[in-house]
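Enquirer: sequence first, predicted coordinates after that:
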Amino acid sequence: MVLPGGFSYGDYLRCGAIARFAKILEGIYEFSERGNLILGICNGFQILTELKLLPGALLRNKNLKFICGDCQLIVENNNTPFTRFYEKGEVVNFPIAHGEGNYFIDDEGLKD
């Protein structure tokens, strides 16, 4: 399942905070509980953190400004359903545009 990006409810609160109350999201819990994969893009990722399906939280960017540009990521593990078509060590370009793109997870959550 893919939860796409877009500005849900204008992002007046935390991104995804209001969208997490939509009735359709009950189906997302059920889908997840059956062991299916979910990819959250932009606000979709934020909604996954609000639903607690993804541990951690999104915080304001460190510079407190909206960032729009490209981000290069190195594929560290190509043995996942989302990375299997990449080579290990390959540099992949992703466009980014966000004001809350500072993903935070504590050490315990990261270990899990």
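Expert: Structure's in. What do you need?
Enquirer: three-state assignment of residue 23?
Expert: At residue 23 the chain is in coil, as set by DSSP: H, G, I helix; E, B strand; the rest coil.
Enquirer: on the pLDDT front, check it for me.
Expert: In this model, residue 23 is scored at 82, pLDDT.
Enquirer: what do you get for residue 5?
Expert: For residue 5, pLDDT reads 77.
Enquirer: for it, what are its contacts?
Expert: Residue 5 makes contact with 41, 42, 43, 44, according to CB atoms under 8 Å, 6 or more residues apart in numbering. C-beta: built from backbone N, CA, C; applies to glycine.
Enquirer: contact partners for the second one?
Expert: Applying CB under 8 Å, 6+ apart to residue 42 gives the contacts 4, 5, 6, 97, 98.
Enquirer: once you drop chain neighbours, what's closest to the second one?
Expert: Right, the one you point to is residue 5. residue 42 (2.5 Å; CB to CB, 6 or more residues apart in numbering).
Enquirer: how much space is there between that neighbour and residue 33?
Expert: 24 Å (CB to CB, to the nearest Å).
Enquirer: just residue 62 next, same as before
Expert: Using CB to CB, residue 62 is found at 35 Å from residue 33.
Enquirer: is it true that residue 90 touches residue 76?
Expert: No - Residue 90 lies out of contact with residue 76 (CB atoms under 8 Å); the separation is 10.0 Å.
Enquirer: looking at these two, which has the bigger crowd around it?
Expert: Applying other CB atoms under 10 Å to residue 90 and residue 76 shows that residue 90 carries more neighbours, namely 12 against 8.
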